[in-house]
Each structure stands twice: as C-alpha cells, then as structure tokens.
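Chemist: Next input, structure requested:
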Amino acid sequence: MKDFRNHDRPILITGGCGFIGCNLADTLARRGDKVIAFDNLSRAGVRENAQWLKSRHGDLVSIVTGDIRDSISVIEAVRGARGVLHLAAQVAVTGSLQDPVEDFEINARGTLNTLEAIRLHNPSAPIIFASTNKVYGRLVSDEQIKKAGRRHVPAVAQFASGVGEDAPLDFYSPYGCSKGAADQYVRDYARVYGLNAAVLRMSCIYGPRQFGTEDQGWLAHFMLRSILGEPLTIFGDGLQVRDALHVSDAARAWLMVYDNIETVRGRVFNLGGGQSNSISLLELIDEISQMRGAVPSLRFDEWRPGDQPWYVSRIDAIASAVGWKPQIPLQQGLQSLLQWLEERFGPARAVSAKELRL
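Modeler: Residues are numbered from 1 along each chain as shown. As a prediction, the model looks like this:
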C-alpha cells in the first residue's frame, strides 16, 4: 500500500483556513482523515475559519501558521504529510497589479517551494494544485461576443459548449502569469520527476464561509454589499458571464481527484459549474433582488485589466476521468450562501463592513 493511502498520516492543505481550504479540511475531517491546515492567517476571515475547524473537529485538524514563501516551513509541513492540497495563494488580479513581485513570490515561487519539498522529502505524496480559469486569458475579442438578454455569449462555435482544457493558454495580468507558471510547473513535475500531481483550473467557487471582497469571491461580495446596505461597483457592463460551482461540489471533486491520483497523474482539469450553472453579474443582481426583496444600489466603472467578458468551463474531462459532476443547482447554492451570510453579517449581528478587515 502506498504511503499516501496511510490514514495515520495527515493530509496537508496549504491555505487551509481560506474559504475553499477550510471547506476541504472540513470534508476530509468528516470522513475521518487527519488534516494539517497550513496558513499564514493574513486574510480576512481566516482566523474565524480556523476556530470553526477546531470547534468542529478538535485534534483531527491541526492549524499550523506558516508561509509558503518560507521553504523551511514548507519542508517541515510537507515531510510528514501523506498528500498535499495546494491552495495557498495571492488570489486577486487587482492585488497582482498593485504588487506583481509579491504576487509572483506567493503564487509561483511558493508553488515551486512546495513542489521541491515534495520531490526531495516526500516524493510519493500526491499534490493537487488550485489553478484558475485566468490562465486562458481573455479568450474572445469584442467582435466574438454578442449580447443575449442580460448576458454576453460567444459568437464563435468553438465555445458553444464552454472552454475545454485544450484552449490555448494566454496569461493575462500578473496574476494570470504567476498562477499560469505554477500550473505548468505542477504539470511538468508530474512529467519530468514522476510526482503524483494534478491541476484543477477553477472557475467561480462560492458557498458558506466565503468572505467575499470586491477583488475575489464576487458572488458573496455582491450578496454581502446588499445585506450591509452598501452600494456595489460593477466593473464593465455587467453582462460578463461566469460558471459557478458550490464549494461542497468543489470539495467532492478535489477528493475524487486525490483518491484517483494514480489514474489521473499529470492531468489538468477544468473545475466549474459548467453551462447549466452560468450566470452574469446583472443576472446575479436580479437573483439577489428576488431573494432579498430589495434591489442593490449599483454604480458602473471601467473594465479592469484581465477581466473576461465571458467564461464557462467545459467539465466533461473531469466527469469522464473520476465520475464527478455538480449536484447543487445554482439557485439552491445561492440560497445556501445567502443564508450563511445573513446569519453571519445580518442586522441581528449589528456588524459593519469594518468587521471584514478584522
């Protein structure tokens, strides 16, 4: 039996107290796996997520404070793990534009630190990497997009069913470059060094424990602004489309890829909600208005660098490889997110937007 099947050893999650990381840790612990959540605890909400994990799972989840830019800390965390789910990252295009060097150090160098720690100190441990749809760049030009109701749709046949993994890579923005470089390093370490590595290029993941901001987690951000009675800024025309995936469906996909790593080693998969779970910014505003009975206040601003007017994942590759498909329809998932946000930030809690920065 391979070491990564040894349940006496923990699974390491870098960024384990972030939104997706803590949901993954919770899913693993609920099935009886030991977890190390490795996190520098610098982002809004992560300390609260750490407390939530400990309150639910006690000693089954260990919180280790560390930074993936520190190779010694990474080696110490990786050495005893039976597998690595690598989510630690600088997560915003805007953040990468403000400080591209820091973005590179976290996303590209931090991933290389993690890969080297595995290669040199724990080579049988699988690593699953959280990549992004931003590696595909803008995808379509203005001439290849048309308006259909409250959304953009591609006017070219090749994207009729979404974007497949064979779409050309086009790293747009420093964030796209740093995540794209890491994406390719992970893929190549499987090819050159034989690591049990796989890449998940994620679209919009949403759900409970997401502290959405203007730069990342837009579905939660839109809902939270509405709950707090604060105006929303839409960059662009609001017709831009994304496919959305509930975090519980995302966690299932991650673990199915991990559990089948011997058959999917070296593969790259899109992970999103697919065509049936796609939504535009304006359509989300409409949904929030219906769910809450109040129309959010809006203002519009210029498009931001790297913004995609349309992106929808094709997810047939991961479905075929491990038998995964989304189970939570978008409207049901949005209700679960709204319920969590209202319980956490609603009037009964008497909170303000300042709490998000604690």
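Chemist: for G80, what are its contacts?
Modeler: R9, P10, N122 (Cβ atoms under 8 Å, 6 or more residues apart in numbering). Placement of C-beta: from N, CA and C, glycine included.
Chemist: I misspoke; the intended subject was Q90.
Modeler: Contacts of Q90 (Cβ under 8 Å, 6+ apart): S96, E102, D103, I106, N107, Y175, S178.
Chemist: Please name the residues that touch the residue lying closest to the fifth one once chain neighbours are set aside.
Modeler: Think N107. Sequence neighbours aside, S178 is the residue nearest to N107 in space, at 3.6 Å (criterion: Cβ to Cβ, 6 or more residues apart in numbering). Residues in contact with S178 (Cβ under 8 Å, 6+ apart) are Q90, S96, P100, D103, F104, I106, N107, A108.
Chemist: For the first one, give its distance to I106.
Modeler: With distances defined as Cβ to Cβ, to the nearest Å, the gap from Q90 to I106 amounts to 4 Å.
Chemist: One more: K134?
Modeler: 15 Å.
Chemist: repeat for E262
Modeler: Counting by Cβ to Cβ, the gap from E262 to I106 is 30 Å.
Chemist: Compare the two and say which is more crowded by neighbours.
Modeler: Taking neighbours as other Cβ atoms under 10 Å, E262 and I106 compare with I106 leading, 23 against 10.
Chemist: Need the per-residue pLDDT for the more buried one.
Modeler: The score at I106 is 97. That number is its pLDDT.
Chemist: That one touches L87, doesn't it?
Modeler: No: using Cβ atoms under 8 Å, I106 is not in contact with L87, being 11.7 Å away.
Chemist: pLDDT (mean, whole number) over the longest helix seen in the chain?
Modeler: For the chain, the longest helix by residue count, based on DSSP state H, is helix 174-193. Averaged across helix 174-193, pLDDT comes to 97.
Chemist: how about the next helix or strand after it as PDB, C-alpha atoms only?
Modeler: Counting by DSSP states H and E, the element after helix 174-193 in chain order, helix or strand, is strand 197-202. The C-alpha coordinates for strand 197-202 follow below in PDB (Å, rounded to 0.1, in the frame of the first residue of the first chain):
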ATOM      1  CA  ALA A 197       0.500  15.700  -9.400                       C
ATOM      2  CA  ALA A 198      -2.700  17.100 -10.900                       C
ATOM      3  CA  VAL A 199      -4.100  20.500 -11.700                       C
ATOM      4  CA  LEU A 200      -7.600  21.900 -11.200                       C
ATOM      5  CA  ARG A 201      -8.300  25.100 -13.100                       C
ATOM      6  CA  MET A 202     -11.100  26.500 -11.100                       C
END
